[in-house]
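Sequence first, predicted model second:
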Amino acid sequence: MDFVLTLHSHLPWVLHHGRWPHGSDWLCEAAVDTYLPLLEVLERLELDDQPVPLTIGVTPVLANQLAHPDLATELEGFLEQRLAACVEATRDFEASGETQLRPLTQFWHTRLTRLRNLFLRLDGGMIGTLARHARAGRIELLSSAATHGFLPLLRRPESVQLQLRLGRQEHRRLFGLDPAGCWLPECAYRDGLEQPLRDAGFDFFFVDAHMAKAGRSLGLYGERDFVDGMREPEDTPLDAVYPRNPYRAYYLRPERGAPVAVLVREPETTLQVWSRHQGYPGDGGYLEFHKIRWPGGLKLWRVTSPQVDLGGKQPYDPNVGRARAYKHAADYVGLLHRLRDMAQPLGGDLIATPFDTELFGHWWFEGVDFLGDVYRGLAGQQAVRPATASQHLDGRTDGRRFIKLAEGSWGANGDFSKWQNPETEWTWNRLGPLEDRYWGVAARELSAGPSGRPTALTQATRELLLAQASDWQFIISTGAATDYAEKRFSGHCDALDALLTALETGQTESAVRLAAEHAKADDCFPDPLGAVAEVLNARD
């Protein structure tokens, strides 16, 4: 039985769009909470010669930010602020007599200093370090759509193809590797998407269980309604409820090209880590995510109990949190073995568990250590073999089972409703006509393009892709930062509209000036026009 643990890493383009709370601080917080600790664990496991065949997806828009020269400056400023907060908190606790919290400020100061030193000594930065692990065969890297566009809802097939082709192109540019797998943004699928995936060169992707008719959707992280309704009655045979099981890969037949494999999210192993209500992250010994000391942003308290409000949270003990992670990792290894015993009579040979990378370290502070402990716990036994997605699929040409997938996503309700609803319909009404205009202008400009205008088309392409990011509709639907998401979406649409108007009316100087102005903030994807040309040539 293969165990394919997959981490999907994504943030929208936030560099050069302010700092706190949704600008570069968002990116820096993810780096300090999740990406650097994950690299630290990979480094420790490498030194111990411990195999850790993780499958890690990094969206091209995130990879562009992690590789951007401005990240180092932003990250240094972020860490300086957090380190200063540790000093200030220590002084305040000494004055107030809150001696029980004072050791935690030293804990954070030591940790943040260590992570800063790690970042400074990374050869090639975070992107280069991931590439090194991948080249050594220790991990597998996935790509995704360029800006995590919600592919089923994009109006033009050319837009879907551009998202996927540019995603692959950028992955090759940044990591120096060709990705075999693609993370479909939000695991969102509609009939026919396997063809643009195959045309872009991808061999496999992931879906939620309900889309393969192999289990129920888990909904969004922490949603109690989905968690409580997910489980079937005990001892109910899986095939008595669903016609398929999640313990194998399935295949789709595109109209052209080789089959595309589908790996299905296994619900039980996902639930234990995904749910803060019934899973490990709700343990009272773990760091409480929601209680934060301001100013400074330090987290100093533990979960205590899910029933305790923030005012009743008790001080965090890092040693207790670390011990709980070790214990839960051992429990998780036991769960994998129990599922193996259940799945083998069904013909199962795979347990695929995909998660958002930011769940580990950011939402669940001890989660990165948990991952390392799981791989250590699986070492030296044969019953459950950790493997990358490609390692599992390689050479499996016999016994392929071809299916039709249902439309859906891994979001709320298992459908598209988190992204298309009355609150977000205006975004699609705005974006669709801009897509139509863009592809008309792109076809004309790339065939004729006088000097200077390709620069404007390059920036128009960036603005189109950034406007297509699924993050804006998601944030609007959650209501957490609606104004920010609306401003960002509208800003990219306005920039695209202005650039297209200048190109449509032959105002070359104006188009070049607008491109230079918007490129100050949105300078991702240095050369997207090659992928645009590929899409147009394939269409013609």
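Sure thing, it's come through.

Can you find the helix or strand of this protein with the lowest average pLDDT?
Across the helices and strands of the chain, the lowest-confidence element by mean pLDDT, DSSP states H and E is helix 224-230, at a mean of 37.

I'd guessed residue 329 sits against residue 370; true?
Yes: the criterion here is CB atoms under 8 Å, and residue 329 meets it with residue 370 at 5.2 Å. Bear in mind the C-beta positions are built from the backbone N, C-alpha and C, glycine included.

How is residue 355 assigned, secondary-structure-wise?
Assigned with DSSP: H, G, I helix; E, B strand; the rest coil, residue 355 falls in the strand class.

can you give me the strands for the chain?
2-9, 54-58, 139-144, 182-183, 204-207, 250-252, 260-264, 350-356, 385-386 (DSSP state E).

how about TSV for those, with mean pLDDT and mean neighbour count added?
Below are the strands of the chain laid out as TSV (pLDDT from 0 to 100; neighbours: other CB atoms under 10 Å):
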stretch	mean pLDDT	mean neighbour count
strand 2-9	98	24
strand 54-58	98	25
strand 139-144	98	26
strand 182-183	98	26
strand 204-207	98	24
strand 250-252	97	20
strand 260-264	98	24
strand 350-356	97	22
strand 385-386	96	18
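
nearest to residue 303, of those strands?
Counting by CB to CB, residue 303 lies closest to strand 350-356 out of these; the figure is 19.2 Å.

Output that closest one as CSV, restricted to C-alpha atoms.
This file holds the C-alpha atoms of strand 350-356, laid out as CSV (Å, rounded to 0.1, in the frame of the first residue of the first chain):
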residue,chain,number,x,y,z
LEU,A,350,-3.1,3.8,-2.4
ILE,A,351,-3.9,6.2,0.4
ALA,A,352,-3.7,9.7,-1.0
THR,A,353,-4.0,12.6,1.5
PRO,A,354,-3.7,16.1,0.1
PHE,A,355,-3.7,19.2,2.3
ASP,A,356,-3.0,22.9,2.0
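
Check which helices and strands that strand is in contact with.
For strand 350-356, the packing partners by 3 or more CB pairs under 8 Å, 6 or more residues apart in numbering; DSSP states H and E come out as strand 2-9, strand 260-264, helix 267-274, helix 318-343.

Report the rounded mean pLDDT for the longest one.
Right, the one you point to is helix 318-343. On average, the pLDDT along helix 318-343 is 97.

same question, stretch 387-402
On average, stretch 387-402 scores 91.

The chain should start at 218 in everything you say after this.
From this message on, residue numbering opens at 218, which makes the last subject stretch 604-619.

quick one: terminal-to-terminal distance for that stretch?
Taking CA to CA, to the nearest Å, stretch 604-619 runs 23 Å from one end to the other.

List the buried residues for it?
604, 605, 606, 607, 608, 609, 610 (16 or more other CB atoms under 10 Å).

isn't the fifth one right next to residue 219, touching?
Yes: under the criterion of CB under 8 Å, residue 608 is in contact with residue 219, at a separation of 7.4 Å.

Using a markdown table, lay out the buried residues of stretch 604-619 together with distance to residue 396.
A markdown table is the format used below for those (distance: CB to CB, whole Å):
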| residue | distance to residue 396 |
| --- | --- |
| 604 | 17 |
| 605 | 12 |
| 606 | 10 |
| 607 | 10 |
| 608 | 14 |
| 609 | 16 |
| 610 | 13 |
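
Out of the residues you listed, which comes closest to residue 515?
Relative to residue 515, and with distances defined as CB to CB, the nearest of the buried residues of stretch 604-619 is residue 605, at 36.4 Å.

can you give me the helices in the stretch 318-467 of the chain?
319-338, 342-352, 374-392, 411-416, 441-447, 455-458 (DSSP state H, counting those that start in this stretch).

So for residue 535, which of the ones you listed sits nearest?
Of all those, helix 319-338 sits nearest to residue 535, with 5.5 Å by CB to CB.

Go through that closest one and flag the buried ones.
Under the neighbour-count criterion of 16+ other CB under 10 Å, helix 319-338 has 319, 321, 322, 324, 325, 326, 329, 332, 333, 335, 336 buried.

Who are the packing partners of it?
Right, helix 319-338 is packed against helix 253-264, helix 287-313 by 3+ CB pairs under 8 Å, 6+ apart.

contacting residues around the shortest one?
If I follow you right, that is helix 253-264. Under the contact criterion CB atoms under 8 Å, 6 or more residues apart in numbering, helix 253-264 has outside partners 224, 268-269, 271, 331-332, 335-336, 339, 343, 346-347, 350, 355-356, 574, 577-578, 585-586, 588-589, 592-593.

how about residue 617, what does it touch?
Counting by CB under 8 Å, 6+ apart, residue 617 has contacts 468, 476.

Can you select the buried ones from the contacts of helix 253-264 in ChimeraX?
The buried residues among the contacts of helix 253-264 can be selected in ChimeraX (16+ other CB under 10 Å) with this line:
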select :224,268,269,271,332,335,336,339,343,346,347,350,355,356,574,577,578,585,586,588,589,592,593
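
thinking again about what came up before, looking at the helices and strands packed on helix 319-338, which is buried most?
Highest mean neighbour count among these (mean count of other CB atoms under 10 Å): helix 253-264, with a mean of 19.

can you give me how far that one is from the chain middle?
The chain centroid and the centroid of helix 253-264 are separated by 19 Å under CA atoms, centre = their mean, to the nearest Å.

Stretch 251-269 too?
That offset, for stretch 251-269, works out to 19 Å (CA atoms, centre = their mean).

Output it in CSV, but only the C-alpha positions, please.
The C-alpha trace of stretch 251-269 is given here as CSV (Å, rounded to 0.1, in the frame of the first residue of the first chain):
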residue,chain,number,x,y,z
THR,A,251,5.2,27.1,7.3
TYR,A,252,7.7,27.2,4.4
LEU,A,253,10.9,27.7,6.4
PRO,A,254,9.9,25.2,9.2
LEU,A,255,9.1,22.6,6.4
LEU,A,256,12.5,23.1,4.8
GLU,A,257,14.0,22.8,8.3
VAL,A,258,12.3,19.4,8.8
LEU,A,259,13.4,18.3,5.4
GLU,A,260,17.0,19.2,6.2
ARG,A,261,16.9,17.3,9.5
LEU,A,262,15.5,14.2,7.8
GLU,A,263,18.1,14.4,5.0
LEU,A,264,20.9,14.6,7.6
ASP,A,265,19.4,11.5,9.2
ASP,A,266,19.2,9.8,5.8
GLN,A,267,15.5,9.4,6.4
PRO,A,268,13.4,9.1,3.2
VAL,A,269,10.7,11.7,3.0
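
Which residue ranges make up each domain of this protein?
Listed by automatic domain parsing, the domain ranges of the chain are 219-629, 642-756.

ok so, going back, dump the buried residues of helix 319-338 into CSV; add pLDDT and distance to residue 409 as well.
Listed next are those as CSV, based on pLDDT from 0 to 100; distance: CB to CB, whole Å:
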residue, pLDDT, distance to residue 409
319, 94, 60
321, 97, 53
322, 97, 55
324, 98, 52
325, 98, 49
326, 98, 53
329, 98, 47
332, 98, 44
333, 98, 47
335, 97, 44
336, 97, 42
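
Next, work out how far apart residue 284 and residue 705 are.
Taking CB to CB, to the nearest Å as the measure, residue 284 falls 21 Å from residue 705.

go on, residue 408?
31 Å.

Kindly report the same for residue 265.
Taking CB to CB, one finds residue 265 at 43 Å from residue 705.

Neighbour count: those two, which is higher?
Relative neighbour count places residue 705 above the other of residue 265 and residue 705, with 22 against 12, counting by other CB atoms under 10 Å.

My guess is that one contacts residue 693. True?
No: Residue 705 is beyond contact range of residue 693, at 10.3 Å (criterion: CB under 8 Å).

got a list of what residue 284 touches?
342, 344, 391.

Kindly supply the ChimeraX command isolating those of those that are buried.
Buried members of the contacts of residue 284, defined by 16+ other CB under 10 Å, are picked up in ChimeraX with:
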select :342,344,391
